[in-house]
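1. coords please:
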Amino acid sequence: MNWETLRKKIYYIDGSLRDIYVKNTNIEDWEKWIDLINTGYKVAFYNGQSGETESQIDKSTVFDYWNGKSDLLSGVTIHLEGILIKCHFFGGDEIENDITPLEINSIEDHNRLVSYLKDVSVCLGKEVMLTPENYLDYERKLIVVNGNDIEFDVPGYVIPEHLNQDKVKNNSQKKLSIIFLTILLFLLIWKIIPIIQVKMQLVSDFIPSSIFYEVAKPFIYISTVLLLVNIVAFALFFKRKYLTVIILGSIAFCLNVLYTLFNYFLSLV
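-> Modelled structure (predicted):
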């Protein structure tokens with residue numbers, strides 16, 4: 001395949017990324033991959049626990065996040081000269097990297113990337129594939145590497161009707177989850193505004209700031225909970241847990257409505 005064809009069919013520029021996947025992985029696969037990257041490539045590992053950027057991937061930091069011992073996500077950037085391969089360690093059941101086609105600008109860049117795919121495939125003894133961003137199992141793969149065997153532009157499967165319905169359902173859930181993320185963010189801002197108003201009122205009325213906490217306490221508690229809910233919801237969204245985001249947003253919205261109605265009826269008594 002010449003460079004012009006590669007650019008058109010594999011590294012087309014449309015604003016999206018390309019994803020690299022190794023499916024059905026386990027901890028042993030991840031350990032092998034990390035050892036390969038640490039020994040064979042220049043890396044910049046952001047350690048979520050320390051907040052520092054390190055020159056080696058820290059396995060314990062990654063595994064602690066997966067095991068629930070830490071809620072701070074780490075990430076790594078692998079340098080292939082001018083190509084940056086990123087991995088965010090979302091979960092252990094698949095290895096997912098991403099690249100931008102903007103950094104693949106010649107046949108030499110392509111060969112460097114394919115060399116990386118081969119290294120990973122040989123190391124793990126598994127299939128490695130380059131796909132469009134947010135790849136689903138029945139969609140077209142761009143490059144598939146098995147050891148030293150390479151296939152380009154592998155056509156997608158004929159999508160069965162039930163899988164096509166699943167794709168539509170997934171897209172609908174994503175759109176709905178974005179709506180609920182917006183609602184959660186709005187609720188958080190809505191509860192923070194009274195805190196600011198109380199603070200400004202106390203200052204303008206020369207009331208001692210020591211009573212600020214007592215006056216604003218309900219709003220502080222609620223906004224703190226909503227802040228945590230927003231953080232969890234956004235984390236779930238980036239892990240593509242759209243249905244969970246919808247459920248979480250629905251619960252938060254309903255509780256907020258009930259709390260508002262309760263205060264309203266209480267004020268009437």
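
2. In the stretch 101-250 of the chain, what residue spans correspond to helices?
-> Secondary structure of the stretch 101-250 of the chain by DSSP state H, counting those that start in this stretch: the helices cover 107-124, 161-204, 212-238, 242-268.

3. Same question for the residue lying closest to residue 38 once chain neighbours are set aside, what's its three-state structure.
-> Setting aside the residues directly before and after it, residue 38 is nearest to residue 56 in space (CB to CB, 6 or more residues apart in numbering), at 4.9 Å. Bear in mind the C-beta positions are built from the backbone N, C-alpha and C, glycine included. Using DSSP: H, G, I helix; E, B strand; the rest coil, the structure places residue 56 in coil.

4. Give me the pLDDT value at residue 56.
-> In this model, residue 56 is scored at 96, pLDDT.

5. related to what we said a few turns ago, for the helices of the stretch 101-250 of the chain, which one sits closest to residue 149?
-> Smallest distance to residue 149 across the helices of the stretch 101-250 of the chain (CB to CB): 8.7 Å, for helix 107-124.

6. Need the mean per-residue confidence for the closest one.
-> Confidence over helix 107-124, taken as the mean pLDDT, stands at 95.

7. Mind exporting the C-alpha coordinates of it to PDB?
-> Only the C-alpha atoms of helix 107-124 are listed here, as PDB (Å, rounded to 0.1, in the frame of the first residue of the first chain):
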ATOM      1  CA  ILE A 107       5.400   6.100   5.000                       C
ATOM      2  CA  GLU A 108       8.200   6.200   7.600                       C
ATOM      3  CA  ASP A 109       5.800   7.300  10.300                       C
ATOM      4  CA  HIS A 110       3.400   4.400   9.300                       C
ATOM      5  CA  ASN A 111       6.300   1.900   9.500                       C
ATOM      6  CA  ARG A 112       7.200   3.100  13.000                       C
ATOM      7  CA  LEU A 113       3.600   2.600  14.100                       C
ATOM      8  CA  VAL A 114       3.300  -0.800  12.500                       C
ATOM      9  CA  SER A 115       6.600  -1.800  14.200                       C
ATOM     10  CA  TYR A 116       5.000  -0.900  17.600                       C
ATOM     11  CA  LEU A 117       1.900  -2.900  16.800                       C
ATOM     12  CA  LYS A 118       4.100  -5.900  15.900                       C
ATOM     13  CA  ASP A 119       6.100  -5.600  19.100                       C
ATOM     14  CA  VAL A 120       2.900  -5.700  21.200                       C
ATOM     15  CA  SER A 121       1.400  -8.600  19.200                       C
ATOM     16  CA  VAL A 122       4.500 -10.700  19.500                       C
ATOM     17  CA  CYS A 123       5.000  -9.900  23.200                       C
ATOM     18  CA  LEU A 124       1.400 -10.800  24.100                       C
END
